[in-house]
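Engineer: Sequence unavailable; structure follows:
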């Protein structure tokens, strides 16, 4: 399922590049949580509302809209003058919001799409989204630090990446599972119980029976049966049932409530913790330059982002080899990471930046593991009829966690920096150097 890996990578790469460029987009005096909020709020609102109606929008149309929004947002960010030269933060944040809206539609759509392509498609999607973090953060470091391109030119170079998504969907992804699901999404009339003799059973095509066992999407048994059985009128007084009839809004809310404690809450907690670290604490995890591999304080932040995304990539690719069923344990460990790094930011008791590198990498491993195993648990435990909706609805938790973390980050980053300055460590004021 390399196609879903590509879709996951491209869907998330703009989001990661924008977060890696947060410092350069708003300058050192504006909390990076502002960029995080603009980068996730539209995505959060989309995931909160869209699962209840997005089934009416074809996947092909979603791909085109997502590509247009993401590319337009990146171009708007890149072409708006720098804040340091009088450019508007508001325009840049509007571009960030456009890319966020595209990412939100993409995530809930692609998670729903995995329902039709089997369990390995989820691992492929998870690997792609983890790879997006690794490639996005690494690409930004490469373009700006290694090659030496300006922030504007780096973002312009990345603005063409979203056009890969519709190419992968229309030209590479097999369309047969989607067409089969669409063809079976029709009303069936109720039929009475009838006896079936051996000749009826043996007359069924063997391919239909095999497909019923192997197909990851809606079962083909009903289609095989109705196409080979004699027409039978419904019993007197029986109403016409629609087994594939869409659930009502009230029923969907009930399904969402059932998802909250086993799946949504641990995903919410881990994202609150890790993005509070990334956007609120990481900018203050600084050391004297002579004890680090860096020559400028602004280099800490992109490398932290890269190490975090490396951990995310590894753990999101791990489900074919290792499954995690207890989702709360890594969530609580992530909260412990947050507490540890806040304490270090204030009291500076960790002796080396290399230890911080390891903690940030561990943070990524935990976050990626909870993400991909949450959706793997849904694929295994939720009934097929509820699975596509459940995958999309649960995806709101990561965006909700990031929204909350952005608000936390805007509060704690300034206070942690002030605490560092008071203790004779003013490096967080020198991030533009």
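Structural biologist: Good, I have the coordinates. Please read these numbers as outputs of a predicted model, since none were measured by experiment.

Engineer: what ranges do the helices span in the stretch 101-250 of the chain?
Structural biologist: For the stretch 101-250 of the chain, the helices defined by DSSP state H, counting those that start in this stretch cover 119-141, 151-158, 164-167, 176-184, 198-202, 206-214, 221-228, 249-259.

Engineer: worst average pLDDT in the ones you listed?
Structural biologist: Comparing these by mean pLDDT, the weakest confidence falls on helix 221-228, with a mean of 33.

Engineer: in the protein, which helix has the most residues?
Structural biologist: Secondary structure assigned by DSSP state H gives helix 353-381 as the longest helix of the chain.

Engineer: On the C-terminal side of that helix, identify the next helix or strand.
Structural biologist: Past helix 353-381, further along toward the C-terminus, the next helix or strand under DSSP states H and E is helix 384-394.

Engineer: Okay, angle between that next one and helix 119-141 too, please.
Structural biologist: Our comparison of helix 384-394 with helix 119-141, counting by axes from the mean of the first three to the mean of the last three CA atoms, to 10 degrees, yields an angle of 20 degrees.

Engineer: can you tell me the average pLDDT over helix 384-394?
Structural biologist: Per-residue pLDDT values over helix 384-394 give a mean of 89.

Engineer: That one vs helix 249-259, what angle?
Structural biologist: Going by the same axes, to 10 degrees, helix 384-394 is angled at 80 degrees with respect to helix 249-259.

Engineer: following helix 384-394, which helix or strand shows up next?
Structural biologist: Past helix 384-394, heading to the C-terminal end, the next element that is a helix or strand (DSSP H and E) is helix 396-422.

Engineer: tilt between that following helix and helix 353-381?
Structural biologist: Between the axis of helix 396-422 and that of helix 353-381 there is an angle of 170 degrees, by the same axes, to 10 degrees.

Engineer: tell me what helix 396-422 is packed against?
Structural biologist: In this structure, helix 396-422 makes packing contacts with helix 32-49, helix 265-276, helix 328-347, judged by 3 or more CB pairs under 8 Å, 6 or more residues apart in numbering; DSSP states H and E. (Each C-beta comes from the backbone N, C-alpha and C, glycine too.)

Engineer: Of those, which is nearest residue 286?
Structural biologist: Between residue 286 and the helices and strands packed on helix 396-422, the tightest spacing by CB to CB is seen for helix 328-347, at 8.9 Å.

Engineer: Next, the buried residues of that closest one.
Structural biologist: Judged by neighbour count using 16 or more other CB atoms under 10 Å, the buried positions of helix 328-347 are 330-331, 333-335, 337-338, 340-342, 344-345.

Engineer: What lies in contact with it?
Structural biologist: Residues outside helix 328-347 that contact it (CB atoms under 8 Å, 6 or more residues apart in numbering) are 266-267, 269-270, 273-274, 276-277, 281-282, 284-285, 324, 349-350, 356, 359, 362-363, 366-367, 369-370, 412, 416, 419-420, 423.

Engineer: For that helix, the averaged confidence score.
Structural biologist: Per-region confidence: helix 328-347 scores 98 on mean pLDDT.

Engineer: Now do it: distance to the chain's middle.
Structural biologist: Between the centre of helix 328-347 and the centre of its chain there are 22 Å (CA atoms, centre = their mean, to the nearest Å).

Engineer: relative to helix 396-422, how tilted is that helix?
Structural biologist: 20 degrees.

Engineer: give me the low-pLDDT residue ranges for the chain?
Structural biologist: The chain contains residues with pLDDT under 70 at 1, 23, 27-29, 83-87, 182, 184-245, 431-433.

Engineer: residues contacting the spatially most central residue of it?
Structural biologist: Nearest to the geometric centre of the chain sits residue 107, at 5.3 Å (CA atoms, centre = their mean). Counting by CB under 8 Å, 6+ apart, residue 107 makes contact with 11-12, 43, 47, 129, 395.

Engineer: again, only using 10 Å
Structural biologist: Under the criterion of CB atoms under 10 Å, 6 or more residues apart in numbering, the contact list for residue 107 reads 8, 11-12, 15, 43, 46-47, 66, 125, 129, 391-392, 395-396, 398-399.

Engineer: again with residue 43
Structural biologist: For residue 43, the contact set (CB under 10 Å, 6+ apart) comprises 15, 97, 99-108, 395-396, 398-400, 402-403.

Engineer: export the buried residues of helix 328-347 to JSON lines and tack on distance to residue 137?
Structural biologist: Below are those laid out as JSON lines (distance: CB to CB, whole Å):
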{"residue": "330", "distance to residue 137": "21"}
{"residue": "331", "distance to residue 137": "23"}
{"residue": "333", "distance to residue 137": "22"}
{"residue": "334", "distance to residue 137": "19"}
{"residue": "335", "distance to residue 137": "23"}
{"residue": "337", "distance to residue 137": "18"}
{"residue": "338", "distance to residue 137": "20"}
{"residue": "340", "distance to residue 137": "22"}
{"residue": "341", "distance to residue 137": "18"}
{"residue": "342", "distance to residue 137": "23"}
{"residue": "344", "distance to residue 137": "22"}
{"residue": "345", "distance to residue 137": "21"}
